[in-house]
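Trainee: Please work out how this folds:
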Amino acid sequence: MNRKWLPAAAVLFALAGCASGYEPIDSVPSQGEAYALMDQAAQAEAEAPYRIGPDDTIRIDTFFEPELSVEAVKVDRSGQIGVPGIGSMTVKGLTTKELATQIEDQFRGRLLERPQVAVSVVDSADRKVVVTGQVNYSGVFEIRNSTTLLEAIALARGENEVAKMDEVIIFRTIDGQRMAARFDVNAIRSGAMEDPRILGNDLVVVGFSEAKSIWRDIRQIVPVFAVFRPLYS
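Mentor: Predicted structure coming up:
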């Protein structure tokens, strides 16, 4: 698959360098190209089975055996959990079906004759997005499967007064590499462009407007415009 997202390191350098006269941020895919890539990544996520990862919370139901069931257990940073009757198990990278099968194999012949186990994800670390840059409240936020870019910015209490809303970058991990694409939120709000879906583990960075910053500083220095008078009458 052709990937034209700009690598994250290059984008971060571009964002830092804009104030010094660099403009490589323009090379970040935008408009139709950015949307096409977003759709490809979203489709790939929908087709791929969910893989358990660190900080996920999972539930283990062993049918008719409550003492071998767990309502909620959090996966530690090494990708392991403790399972009653088994002990520590590495679950990172497994699907819920694969984990259930492994637990059944461990129970069979040792604790149960015909174990039946179901595993589900109670809370996924992949259902979070980081929103930062020129917003009022940077942070990590829980998202739904249907969360969009506008909703993600709203979770951060909106943009601040020096935000550059036609330069909002979404960072996403694709095929193991952190990539980026650029979106015009002004166009999205006007209805000219679609509001793209946000995926778990995305990073949203709202750009900085140097022009707005200068205007803000002027207003702080001279808050009352009435002080300006023509030199000649």
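Trainee: going forward, measure contacts between C-alpha atoms and count neighbours the same way
Mentor: OK.
Trainee: Pull up the pairing partners for the lengthiest strand in the chain, direction included.
Mentor: Across the chain, the longest stretch assigned as strand under DSSP state E is strand 163-174. Strand pairing for strand 163-174, using DSSP bridges, gives strand 177-183 (antiparallel), strand 203-208 (antiparallel).
Trainee: can you list the domains in the protein?
Mentor: Using automatic domain parsing, the domains assigned to the chain come out as 6-47+126-221, 57-123.
Trainee: Dump those domains to TSV, plus mean pLDDT and mean neighbour count.
Mentor: What follows is the domains of the chain, written out as TSV (pLDDT from 0 to 100; neighbours: other Cα atoms under 10 Å):
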stretch	mean pLDDT	mean neighbour count
domain 6-47+126-221	76	17
domain 57-123	93	16
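Trainee: Secondary structure class of residue 105, three-state.
Mentor: In three-state terms, and counting by DSSP: H, G, I helix; E, B strand; the rest coil, residue 105 is helix.
Trainee: picking that back up, using CSV, please lay out the strands paired with strand 163-174 together with distance to residue 64.
Mentor: CSV is the format used below for the strands paired with strand 163-174 (distance: least, Cα to Cα, whole Å):
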stretch, distance to residue 64
strand 177-183, 44
strand 203-208, 43
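Trainee: and of these, who's closest to residue 195?
Mentor: Closest approach to residue 195 among the strands paired with strand 163-174 (Cα to Cα): strand 177-183, 9.2 Å.
Trainee: Mind checking what helix or strand follows that closest one in sequence?
Mentor: Counting by DSSP states H and E, the next helix or strand C-terminal to strand 177-183 is helix 185-190.
Trainee: Convert the C-alpha atoms of that next one to PDB, please.
Mentor: Output of helix 185-190 as PDB, limited to C-alpha atoms (Å, rounded to 0.1, in the frame of the first residue of the first chain):
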ATOM      1  CA  VAL A 185     -10.700  22.600  10.500                       C
ATOM      2  CA  ASN A 186     -12.200  25.800   9.200                       C
ATOM      3  CA  ALA A 187     -13.200  24.000   6.000                       C
ATOM      4  CA  ILE A 188     -14.600  21.100   8.100                       C
ATOM      5  CA  ARG A 189     -16.700  23.500  10.200                       C
ATOM      6  CA  SER A 190     -18.100  25.200   7.200                       C
END
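Trainee: got the contact list for it?
Mentor: With contacts defined as Cα atoms under 8 Å, 6 or more residues apart in numbering, helix 185-190 is touched by 150, 165-168, 193-195.
Trainee: Looking at those residues, spot the one nearest residue 204.
Mentor: residue 168 (7.1 Å).
Trainee: correct me, but the closest one touches residue 180?
Mentor: No. Look at residue 168 against residue 180 with Cα atoms under 8 Å: they stay out of range, at 10.1 Å.
Trainee: name the helices or strands packed onto the helix or strand containing residue 60?
Mentor: Secondary structure from DSSP H and E places residue 60 in strand 57-62. Judged by 3 or more Cα pairs under 8 Å, 6 or more residues apart in numbering; DSSP states H and E, the packing partners of strand 57-62 are strand 70-74, strand 117-123.
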